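Student: coords below, sequence missing:
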């Protein structure tokens, strides 16, 4: 089990409340439970870093790429870009004696109009050990930013640029989403939601104690992330509430029900993508992901790069 | 596995990833991870956060 503090921006809670929350969680969770924070890094002070070091809280920081890409969308309330502050926070974290242990990686939201190689190199330049990339949220009712049609492949094409640069890098950091696809193609298991068919049992606990479904589902329709029964950790035993019918239905949502997905040879790797990206007003979640064409393009490319790498290595071996 | 004779004549088995020189570091380490079934075999603290959530 693991607990992730995210938002919004969890550090807006303020140092004392974050400290109290972490100390409370640490005292009650099993020793092997993971504790992690996903932050935009703008408020990541030395006090916070020391606190996270004391309690072994993993830190993941959002950074979308070089300044011209990151600051396109990550602006503060005064309209100022945050790139400089975020990269300074990453540097400060890595300068801390526990920094390499704490910084798990950077999380970038893809802008398909950007250059994936420039984004990769900008993230690598921070010294972070791994990156992850997210597709922009969207569905059939509201297409994701930069996607012209459900069958267009702007995101898949962008990922291909990233894939080839990553595979050619002699000193690559880790790219979680590509590693997961590689792992799945090789017969292993994914590590995170969004690919593969693992169910990770993700629940969101709001600051008022309400238990909700995966917050990515709110993009489908108002209240899409809510349980009808409005469960709360303040009103009952969490374990008992998890046995309810609504929870079972929610956890089943991970498995795609579209006949197209069920018949797809890449179902085991793609997993139907994020449920939130399958939504349409006509069929609810019973669709392939709106990124289906992108996923198939990327998975096909991973397979062909793997095959080519193995074939090349075998040729070299034979010619020895 | 590949096998070859050692200097003493004994058969030596080599792991596949050492006998096949795969140029891509990223591919090579993924093959190693899947073969060893250890997600942190090649990168210290990789995925240590158990953060499965796509946020």
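Tutor: Everything's here; your move. Everything quoted here is computed from the prediction, not taken from an experiment.

Student: make it CA atoms for all contacts and neighbour counts henceforth
Tutor: Will do.

Student: tell me where the stretch 201-320 of chain A has helices.
Tutor: A:238-241, A:245-252, A:259-262, A:267-270, A:292-318 (DSSP state H, counting those that start in this stretch).

Student: out of those helices, which comes closest to residue A:134?
Tutor: helix A:292-318 (12.5 Å; C-alpha to C-alpha).

Student: ok so, going back, for the helices of the stretch 201-320 of chain A, which one sits closest to chain B?
Tutor: Across the helices of the stretch 201-320 of chain A, the minimum distance to chain B, taken as C-alpha to the nearest C-alpha, is reached by helix A:292-318, at 5.2 Å.

Student: any chance of TSV for the helices of the stretch 201-320 of chain A, columns mean pLDDT and mean neighbour count?
Tutor: Below are those laid out as TSV (pLDDT from 0 to 100; neighbours: other C-alpha atoms under 10 Å in any protein chain shown):
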stretch	mean pLDDT	mean neighbour count
helix A:238-241	78	12
helix A:245-252	86	14
helix A:259-262	96	16
helix A:267-270	94	22
helix A:292-318	94	17
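
Student: can you add distance to residue A:44 and give these back as TSV?
Tutor: Output for the helices of the stretch 201-320 of chain A, formatted as TSV (distance: least, C-alpha to C-alpha, whole Å):
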stretch	distance to residue A:44
helix A:238-241	31
helix A:245-252	34
helix A:259-262	42
helix A:267-270	35
helix A:292-318	34
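
Student: got the phi and psi for the spatially most central residue of chain A?
Tutor: For chain A, the residue whose C-alpha lies nearest the mean C-alpha position (C-alpha atoms, centre = their mean) is residue A:134; its distance is 5.5 Å. Comment: the main-chain dihedrals of residue A:134 come out as phi -120, psi 140, following degrees, to the nearest 10.

Student: give me the beta-bridge partners of it?
Tutor: According to DSSP bridges, the residues that bridge with residue A:134 are residue A:109.

Student: hang on, it packs against residue A:107?
Tutor: Yes: using C-alpha atoms under 8 Å, residue A:134 is in contact with residue A:107, at 7.5 Å.

Student: now the residue nearest to the centre of chain A: how far from residue A:3?
Tutor: Distance check for residue A:134 against residue A:3: by C-alpha to C-alpha, to the nearest Å, it reads 20 Å.

Student: so, low pLDDT: which residues of chain A?
Tutor: A:200 (pLDDT under 70).

Student: for residue A:35, see how far away the residue in it that chain B sits nearest to is.
Tutor: The shortest separation between chain A and chain B is 4.2 Å, found at residue A:192 (distances taken as C-alpha to the nearest C-alpha). The gap separating residue A:192 from residue A:35 is 16 Å, by C-alpha to C-alpha.

Student: likewise for residue A:252?
Tutor: Counting by C-alpha to C-alpha, the separation of residue A:252 from residue A:35 is 26 Å.

Student: grab the nearest non-local neighbour of residue A:12.
Tutor: Distance criterion C-alpha to C-alpha, 6 or more residues apart in numbering or on different chains; nearest residue to residue A:12, sequence neighbours excluded, is residue A:43 at 7.7 Å.

Student: same question but for residue A:269, I mixed them up
Tutor: The spatial neighbour of residue A:269 that comes closest, neighbours along the chain excluded (C-alpha to C-alpha, 6+ apart), is residue A:196 at 4.7 Å.

Student: same check, this time on residue A:1
Tutor: Once flanking residues are discounted, residue A:1 sits nearest to residue A:33: 5.2 Å by C-alpha to C-alpha, 6+ apart.

Student: spell out which parts of the stretch 101-250 of chain A neighbour chain B.
Tutor: Residues of the stretch 101-250 of chain A that fall close to chain B, judged by C-alpha under 8 Å from any C-alpha of the partner chain: A:101, A:104, A:130, A:134, A:166-172, A:174, A:179, A:182-183, A:186-188, A:191-194, A:200, A:202.

Student: out of the residues you listed, which are buried?
Tutor: In terms of neighbour count (16 or more other C-alpha atoms under 10 Å in any protein chain shown), the buried residues within those are A:101, A:104, A:130, A:166-167, A:172, A:174, A:179, A:182-183, A:186, A:188, A:191-194, A:202.

Student: looking at those, which are in helices?
Tutor: When DSSP state H is applied, those are split such that A:101, A:166, A:167, A:179, A:182, A:183 fall in helices.

Student: surely residue A:193 meets residue A:272?
Tutor: No: counting by C-alpha under 8 Å, residue A:193 sits too far from residue A:272 to count as a contact (10.4 Å).

Student: roughly how far apart are residue A:300 and residue A:264?
Tutor: Residue A:300 sits 13 Å away from residue A:264, going by C-alpha to C-alpha.

Student: again, but for residue A:87
Tutor: For residue A:87, the distance to residue A:264 equals 41 Å [C-alpha to C-alpha].
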